[in-house]
Structure formats: C-alpha cells, structure tokens
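Q: from the sequence below, what's the structure:
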Amino acid sequence: MKRVNKEVDVNKEYKSIELILENCDTIVIPESQIKMLRLEKCIKSYESKICGSIVESDKSKKLVLQISKEGNKEYYPFKQKEFKEYIFDRIKRGLDITSLEIEYKSKERKKIYVLWKDDYSQVNKYQKCYDLKNGDLLIIIGKNKNPQIYL
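A: Numbering: from 1, shown residues only. Take a look at the predicted model:
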C-alpha cells in the first residue's frame, strides 16, 4: 500500500480555498482574490472510529483570511438561483465557517478545521469579520480576534 503524505505543503502553489460552512454549503475563493491566508497553531489529531480505523484530521487554532473586494461576487446557496446574495454578506451574516479546503494546482486537496464554539445557534463565537477601508473583507477565527495585529 502506497503511503500518501497529506501534510500542508507550504512550497506548493494553491489554486483556491474552499470555505466549508456549518450547513455544508461551500464558498470557493480563487487564489487571485486572496490577499492573506494565515493558519496558526495547526495541530494534527487522531481518532479511532467504530470500524477500527484511525482517522487523522488537522485543525488550526487561528485562521486569518483577507479576501480582496474583487472576491465579493454573487453567491447562490446550494446553487439555488432564487436566493442570490453576495459572498461577503453571506460570510458576515452566517459567521459559520467550520473548515477550509486548500486546492493545490497539482489537484491535491487538504482540509483543515478551524476553532469552533457555539451555543446551539450554528454561529461560531470565535469568528469575526471586518470590512476594511479598501473594500476587502478580513476574517479572523480564533480566541484573539484583534485585526490590528494583521493590518
């Protein structure tokens, strides 16, 4: 059996970031519209499932993502045309990013979970969004959500 290395490879060029939301919908942001992507305090965890296999997952205790204003495109939840809104509005309204998936130009994918805390309202208490003066959106998920550190 061939072993596949699933580490986040910082030397690989990525194609896009897919934000996975609490309701299982997704938002894809192309690399050209990402001004900053920072994953801090990444940890790997292992869990034994009922079938006897061990599942490995990655989690970041801090995500900082700056999306350029050009990334604020029309968004259709679950591709339903009658529910149009804009990506930035959806992210700020939902506050429900659960993970992200990096798609590398080599077609490999890497899923990373983010820190999550809710009170059964499907809203991540660790997620905060900031509208920047230049029209960009800054998303911070973590215990310390001070945007001044990253600006």
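Q: all strands for this structure, in order.
A: 14-21, 26-30, 34-48, 54-67, 74-75, 85-86, 97-104, 109-114, 127-131, 137-141 (DSSP state E).
Q: tell me what the last one is packed against?
A: Yep, that's strand 137-141 we're talking about. Judged by 3 or more CB pairs under 8 Å, 6 or more residues apart in numbering; DSSP states H and E, the packing partners of strand 137-141 are strand 54-67, helix 87-94, strand 127-131. C-beta here means a position set from N, CA and C on the backbone, and glycine is covered the same way.
Q: re earlier: so which of the strands of the chain comes closest to residue 151?
A: Residue 151 sits nearest to strand 137-141 of all the strands of the chain, at 7.6 Å, using CB to CB.
Q: hmm, who's touching the closest one?
A: For strand 137-141, the surrounding residues in contact (CB atoms under 8 Å, 6 or more residues apart in numbering) are 62-67, 69, 71-72, 88, 91-92, 97, 114-115, 124, 126-132, 146-147, 150-151.
Q: for the spatially most central residue of the chain, list each beta-bridge partner.
A: By CA atoms, centre = their mean, the chain has its centre lying nearest to residue 100, at 3.4 Å. Residues in a beta bridge with residue 100, per DSSP bridges, are residue 19, residue 112.
Q: quick one: pLDDT of it?
A: For residue 100, the pLDDT comes out at 95.
Q: for it, give me its contacts.
A: Applying CB under 8 Å, 6+ apart to residue 100 gives the contacts 17, 18, 19, 20, 63, 65, 111, 112, 114.
Q: show me which of the residues you listed is closest to residue 78.
A: residue 20 (13.1 Å).
Q: any idea how far the nearest residue to that closest one once chain neighbours are set aside is from residue 80?
A: Leaving aside its sequence neighbours, residue 20 sits nearest to residue 99 (CB to CB, 6 or more residues apart in numbering; 4.6 Å). From residue 99 across to residue 80, the span is 22 Å (CB to CB, to the nearest Å).
Q: out of those two, which sits in the busier spot?
A: Using other CB atoms under 10 Å, the more surrounded residue of residue 99 and residue 80 is residue 99, with 20 against 9.
Q: can you list the weak-confidence ranges in the chain?
A: For the chain, the stretches flagged by pLDDT under 70 are 1-11, 49.
Q: my guess is residue 42 contacts residue 110, does it?
A: No: with contact defined as CB atoms under 8 Å, residue 42 does not count as touching residue 110 (10.6 Å).
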